[in-house]
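Participant: Generate a structure from the sequence data that follows.
(one chain, ligands or ions: 1)
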Amino acid sequence: MKEEAPEKLPVILLTGFLGAGKTTFLNRLLADPAFSGSGVIVNEFGDVSLDGSLVETAAGGAVLEMAGGCLCCAGGGALEQTLADLIEAAKVRGRPLTRVVVETSGMADPLPILGEIGLSSLGRLEAVLTVVDLAHGERTLAEFEEARRQVAVADCLLLSKSELAGGMIGNDLEAVLKHLAPQAARQSADADVLSSVMAVAHHSEHLRLDVVASVSGEAGHDHHHHVNCHSLHRHRDTYATTVLQTERPLAPMALQGFLEVLVGTLGDRLLRVKGLAHLTNEDRPLIVQAVQGMVHSGEYLAKWPAGIGPQTALVVITQGHRAGEIENLFGAFTGEIAADRPDAAALTDNPLAVPGFSSF
Ligand SMILES: Nc1nc2c(ncn2[C@@H]2O[C@H](COP(=O)(O)OP(=O)(O)OP(=O)(O)O)[C@@H](O)[C@H]2O)c(=O)[nH]1
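Facilitator: Reported below is the predicted structural model:
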C-alpha cells in the first residue's frame, strides 16, 4: 500500500524592517495558548545572533537560530534543512510541532524566502505578517527596497510603536501602505488580537506575488522558481554590521555615553543596535536596544543565556562603515587601550575626536 505523504506544517513568515518590533510581537504570539507547540526559526544578518536569547519559549517550543548569513541570500535549501532539524528536535523531545514561525532578519528580501517555503516538502505558507514601525516607517519605506517588499507581501500589517507616533499613522505613511499593500489586513501589534490576526491572514499567495511584481517592476510569473536574492543582492554594500565585545564589566555611564555619542554622531546612518551588556552594578544582562536615532530603555534578562558568559556583546548595523571607527569609539568608552584612541571624557566633549568619525 502506498504511504500517505506527511501533512505539511503551517509556516508563518514574520518580517519587518530592522527594529520594527518582530521579536517583541513573536514573544506575545508564543505566549498565546493558540500558538503553544510552535517552533521558531530566527535569522539574523551578521555573525552574532542574539534573537535566540530574546525569544521566550514559555510554551516549550523549539527555537533554532540561523546566524552567519541572511536567510534570503542563503538559498540552496538552507531553510528546508533548518525546518527538518527543528521538526526532528521537537520529535526527539516528544513534543511534535503544530506550526513554525520564521522570523526574518530586518533586511531580508522576503521573496526568496517565500520561494523556499513554496518549494518545501515539510512546510506550507500559512500567512505573512509584516511589522510596520509607525515611528520610523515613513523613512524606512522611502529609503529601503527590502522594507517595501516586506510590506508588499503582507497578508497582515502589524502596526507597532503607535504610542511613539502619537497614536496615528501619518498621511504619507498611510499612502505608501495603501499603495504597497492595499489588500493587507491591519492590526495593532500590541493589541490582544493574535487569533484574529490569523483569521484575517489568508490571502492567496498568487495575489501576493503579483502585487510584489508590480511594486518592484519584475516579471510577474512563477516567482517561486525564478526570484532569488540577486535582484536585491546589495546587503553587503549597503549595510555594515559591527560586533562589539568585551568581557570587562561596563559602568552604566560608559554604556550610556557610548550610545549617546554613537546616535549623535552617526545620525541617520545608524540603523540598529542590539545586544546584551554586562554592567558593573548588575549580575543580570541588560538588553541594549536602539532603532535608528531612538535608544529604547533597557530591560534585563533574568539570567545569562546558556552558553553566553557575562560579557557585553553588541551588534551595530549602519549604512556604510569605515572599518575601525565604531570599534574605536566603543574602546574609548570601555577603556580598551589603543595608541590612537581618544579617551571618553574628550569624546563626550567632542565626539568628532574619534579619528575619521567626522567624515563617516
Ligand atoms: N514603544 C514601543 N517600543 C516597541 C514596540 N515594539 C517594539 N518596541 C521596542 O523596539 C525595539 C526593537 O524591538 P524588536 O522586537 O527587537 O525589533 P525586531 O524587529 O525584532 O528587531 P531586529 O530583529 O533587529 O530587526 C525594542 O527595544 C522593543 O522594546 C512598541 O509597540 N512600542
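Participant: Quickly run through the sheet partners of the top strand by length along the chain, with directions.
Facilitator: In the chain, ranked by residue count with DSSP state E as the criterion, the top strand is strand 123-133. Partners of strand 123-133 in the sheet, by DSSP bridges, are strand 9-16 (parallel), strand 156-160 (parallel).
Participant: a markdown table please, covering those strands and showing mean neighbour count and distance to residue 333.
Facilitator: Placement of C-beta: from N, CA and C, glycine included. As requested, the strands paired with strand 123-133 are exported to a markdown table (neighbours: other Cβ atoms under 10 Å; distance: least, Cβ to Cβ, whole Å):
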| stretch | mean neighbour count | distance to residue 333 |
| --- | --- | --- |
| strand 9-16 | 24 | 31 |
| strand 156-160 | 25 | 30 |
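Participant: Convert the C-alpha atoms of the longest strand of the chain to CSV, please.
Facilitator: This file holds the C-alpha atoms of strand 123-133, laid out as CSV (Å, rounded to 0.1, in the frame of the first residue of the first chain):
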residue,chain,number,x,y,z
GLY,A,123,6.1,23.3,5.4
ARG,A,124,3.3,25.3,3.7
LEU,A,125,2.9,29.0,3.9
GLU,A,126,0.1,30.0,6.3
ALA,A,127,0.5,33.7,6.4
VAL,A,128,2.9,36.6,6.0
LEU,A,129,2.8,39.0,8.9
THR,A,130,4.8,42.3,8.5
VAL,A,131,5.5,44.6,11.4
VAL,A,132,5.5,48.3,10.4
ASP,A,133,7.0,50.7,12.9
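Participant: For the ligand, which of the strands paired with strand 123-133 is the nearest?
Facilitator: strand 156-160 (4.0 Å; Cβ to the nearest ligand atom).
Participant: For that closest one, give me every contacting residue.
Facilitator: 16, 20-21, 24-25, 127-134, 151, 169, 177, 181, 184-190, 197, 200-201 (Cβ atoms under 8 Å, 6 or more residues apart in numbering).
Participant: by contact count, what packs against the next helix or strand along the chain from that strand?
Facilitator: The helix or strand immediately downstream of strand 156-160 is helix 171-180, counting by DSSP states H and E. Under the contact definition 3 or more Cβ pairs under 8 Å, 6 or more residues apart in numbering; DSSP states H and E, helix 171-180 sits against helix 137-143, helix 145-152.
Participant: Torsion angles phi and psi at residue 32?
Facilitator: phi -80, psi 130 (degrees, to the nearest 10).
Participant: who's in contact with the residue of the stretch 51-200 of the chain found nearest the ligand?
Facilitator: Nearest to the ligand in the stretch 51-200 of the chain, going by Cβ to the nearest ligand atom, is residue 106, at a distance of 3.0 Å. Counting by Cβ under 8 Å, 6+ apart, residue 106 touches 16, 17, 18, 19, 20, 22, 45, 271, 272, 317.
Participant: one step back: for the longest strand of the chain, which residues meet the burial criterion?
Facilitator: Across strand 123-133, burial judged by 16 or more other Cβ atoms under 10 Å covers 123, 125, 126, 127, 128, 129, 130, 131, 132, 133.
Participant: Between the two ends of stretch 148-157, what distance do you get?
Facilitator: Using Cα to Cα, to the nearest Å, one end of stretch 148-157 lies 12 Å from the other.
Participant: what about that stretch, distance to the chain center?
Facilitator: 15 Å (Cα atoms, centre = their mean, to the nearest Å).
Participant: ok, and does that stretch reach over to the ligand?
Facilitator: No: on the criterion Cβ under 6 Å from any ligand atom, stretch 148-157 is out of touch with the ligand, staying 10.6 Å away.
Participant: before we move on, what about stretch 16-32?
Facilitator: Yes: judged by Cβ under 6 Å from any ligand atom, stretch 16-32 comes into contact with the ligand through 16, 18, 19, 20, 21, 22, 23, 24.
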